[in-house]
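Visitor: sequence and predicted structure are below.
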Amino acid sequence: MVAKTNAVRMVQQASIPCREGFYEFDEKDLSGIHAAQAIGMPPEQVFKTLVARGEKTGINVFCIPVCCELDLKKAARAAGDKNMELVAVKELLGLTGYIRGGCSPVGMKKKYPTFFDETCILWDEIAVSAGARGHQMILPPEPLASLVDAELCDLIL
């Protein structure tokens, strides 16, 4: 039995219907495409969580499909900033409480402005990290976005 992550507990406490997907991860391939294949979902339906720093706004969180790239100009615009750059992997744990390959938009150490790519609403459910490598939460996008106070906007190239 795998222990429930903080992210899964928070989703369950919010009464959001949630399934969990588990898979073997490879330290050499922490890509979202691998996660999507492993849980049998299309990459457009599996969302990765990226953390970026704005010039004025500081830390922001962006969730986009694993098959896409974050458009930093669109991300900055969404956050109300001029410039946005991804944080270094070595900063991730200290900022969020999560490591690369296991970063969830739910249950970060601190509440950061969060943005989901608007394509999430094309699906009845999406997958996001449950806060651990090899562990995904599969849940409806709108209650998830509401739980983390996420704004839906166009974020991808």
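Guide: Happy to help now that I have it.

Visitor: and the next helix or strand past the lowest-mean-pLDDT helix or strand in the chain?
Guide: Lowest mean confidence among the helices and strands of the chain (mean pLDDT, DSSP states H and E): helix 32-39, at a mean of 87. Per DSSP states H and E, the first helix or strand lying C-terminal to helix 32-39 is strand 47-54.

Visitor: report the angle between the axes of that following strand and helix 32-39?
Guide: Counting by axes from the mean of the first three to the mean of the last three C-alpha atoms, to 10 degrees, strand 47-54 lies at 160 degrees to helix 32-39.

Visitor: given strand 47-54, what are its sheet partners and their directions?
Guide: With DSSP bridges as the test, strand 47-54 is paired with strand 58-65 (antiparallel), strand 84-86 (antiparallel).

Visitor: count the neighbours of A52 for me.
Guide: 23 (other C-beta atoms under 10 Å). For glycine as for every other residue, the C-beta is placed from the backbone atoms N, C-alpha and C.

Visitor: spit out the contact partners of it.
Guide: I59, N60, V61, F62, L70, L72, A75, M84, E85, L86, V87 (C-beta atoms under 8 Å, 6 or more residues apart in numbering).

Visitor: what are the bridge partners for it, then?
Guide: Residues in beta-bridge contact with A52 (DSSP bridges): N60, L86.

Visitor: hmm, back to that, could I get the strands paired with strand 47-54 as TSV with mean pLDDT and mean neighbour count?
Guide: Conversion of the strands paired with strand 47-54 to TSV gives the following (pLDDT from 0 to 100; neighbours: other C-beta atoms under 10 Å):
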stretch	mean pLDDT	mean neighbour count
strand 58-65	98	22
strand 84-86	97	16
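
Visitor: and of those strands, who's closest to E118?
Guide: Between E118 and the strands paired with strand 47-54, the shortest separation by C-beta to C-beta is 10.1 Å, and it involves strand 58-65.

Visitor: which residues are contacting the closest one?
Guide: 32, 43-54, 70, 75, 79, 81, 84, 87, 95, 105, 108, 110, 112-117, 119-120, 128, 148, 150, 155-156.

Visitor: dump that strand to CSV, restricted to CA.
Guide: These are the backbone C-alpha positions of strand 58-65, laid out as CSV (Å, rounded to 0.1, in the frame of the first residue of the first chain):
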residue,chain,number,x,y,z
GLY,A,58,8.2,36.6,-8.0
ILE,A,59,7.3,32.9,-8.0
ASN,A,60,4.4,31.7,-10.2
VAL,A,61,3.2,28.2,-11.0
PHE,A,62,2.1,27.1,-14.5
CYS,A,63,0.4,23.8,-15.4
ILE,A,64,0.5,22.9,-19.1
PRO,A,65,0.2,19.7,-21.2
